[in-house]
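>>> Here is my input, please return the structure:
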Amino acid sequence: MKYFNSTNVLFCLCFTLFSCSSLEEIQIQPESYANDNPLTYQPSVISASVVIPLKDIEQKANELAEQGYSDEDSDEFHEQYRAKTKNPLYDPNKWLYTNNPLYNSRKWLKACFLGGCIKTKNPAYNPTKKIKTKNPLYDPNKWLYADTVAVNIGYTWAYKVGKFADKKIQFTSLVDNTLRLTLPIELKGSVGFKGDGAKALSLTKKNLSAGIELYVDTKIDLTTNWCPIIDLDYSYKWLSAPKLSRLMNFGSI
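The predicted model follows:
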């Protein structure tokens, strides 16, 4: 026979006596002390520091600029043309009064009869009689061809873009989170046409050159929705005025 532990018996007795009153107190809903006012919007601010090694970028950009970029192209076209037309001097409404165009004064006619033959001029021709006719030499089916004309024309161009003289590509930090890129650019090249006409007008090859310093200002910002905003602005100044070789001796531009 098992004996009950006195401690367990005492615990069960206390739980039975006091549990009912505890349940009644728990069933009573406590008063609410919560605040129904909604919380106001509190903007959050996060700042970050981004470090870009601009000197390294400048060095690489200047190395590439020393090499420069060049391109060229040329092409030619060869065609031959020959004008074809009817007789432009023929007037279909004009009548001509002339001798019989079918009569040949040097041609003899040979007639044979009664066993003999005679040679004579055209007995029906009257040298003083005029006939009315259109241009007897005009053939409406005949085309007149002019001389063949050869047309040779073409173009050629070449250019090279690089860094101007001893100037450097630079990045500069301006106020209001603006970054300025300075690009000193030099352009050298040539342009011209091919063909007899281009040679006559001295347009076969014209050299051109220019130097410009371009400033590109970049400003980066964020909206309240964390969307990036990029504003670009540019300006420039001439380091060397654009020049083009003389055109037909009219001067330079």
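>>> what's the pLDDT at residue 100?
pLDDT for residue 100: 67.
>>> show me where the stretch 51-200 of the chain has strands.
69-85, 96-98, 109-113, 116-120, 131-133, 144-163, 170-174, 178-194 (DSSP state E, counting those that start in this stretch).
>>> now these as a markdown table including distance to residue 214?
Where you see a C-beta, it was placed from the backbone N, CA and C, and this is true even at glycine. Output for the strands of the stretch 51-200 of the chain, formatted as a markdown table (distance: least, Cβ to Cβ, whole Å):
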| stretch | distance to residue 214 |
| --- | --- |
| strand 69-85 | 15 |
| strand 96-98 | 77 |
| strand 109-113 | 95 |
| strand 116-120 | 99 |
| strand 131-133 | 80 |
| strand 144-163 | 12 |
| strand 170-174 | 12 |
| strand 178-194 | 4 |
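>>> now, of these, which is deepest in the fold?
Across those, the average number of neighbours (mean count of other Cβ atoms under 10 Å) peaks for strand 178-194, which reaches a mean of 17.
>>> who does that strand pair up with?
As defined by DSSP bridges, the strand partners of strand 178-194 come to strand 144-163 (antiparallel), strand 170-174 (antiparallel), strand 206-222 (antiparallel).
>>> Distance-wise, check residue 227 relative to residue 109.
109 Å (Cβ to Cβ, to the nearest Å).
>>> now stretch 160-174: mean pLDDT?
Here the average pLDDT along stretch 160-174 is 87.
>>> which residues touch that stretch?
With contact meaning Cβ atoms under 8 Å, 6 or more residues apart in numbering, stretch 160-174 is reached by 54, 57-58, 61-62, 65-70, 179-189, 211-213, 217, 239-240.
>>> how long is stretch 31-46 from one end to the other?
This stretch, stretch 31-46, spans 41 Å end to end (Cα to Cα, to the nearest Å).
>>> among the strands paired with strand 178-194, which gets the worst mean confidence?
Averaging pLDDT over each of these puts strand 144-163 lowest, since it has a mean of 83.
>>> and residue 118, what pLDDT?
69.
>>> The one 4 residues further on too?
Predicted confidence (pLDDT) at residue 122: the value is 67.
>>> Where does residue 31 sit, in terms of helix or strand?
If you go by DSSP states H and E, residue 31 is not part of any helix or strand.
>>> And residue 204, how far from residue 198?
From residue 204 to residue 198 the distance is 5 Å (Cβ to Cβ).
>>> Look at these two and report which has more neighbours.
residue 198 (18 against 14; other Cβ atoms under 10 Å).
>>> Which among the strands paired with strand 178-194 is found nearest to residue 131?
Comparison of the strands paired with strand 178-194 against residue 131 by Cβ to Cβ identifies strand 144-163 as nearest, at 26.1 Å.
>>> got the angle between that closest one and strand 69-85?
170 degrees (axes from the mean of the first three to the mean of the last three Cα atoms, to 10 degrees).
>>> check contacts around residue 191.
Residue 191 sits next to 155, 156, 157, 205, 206, 208 when contact means Cβ under 8 Å, 6+ apart.
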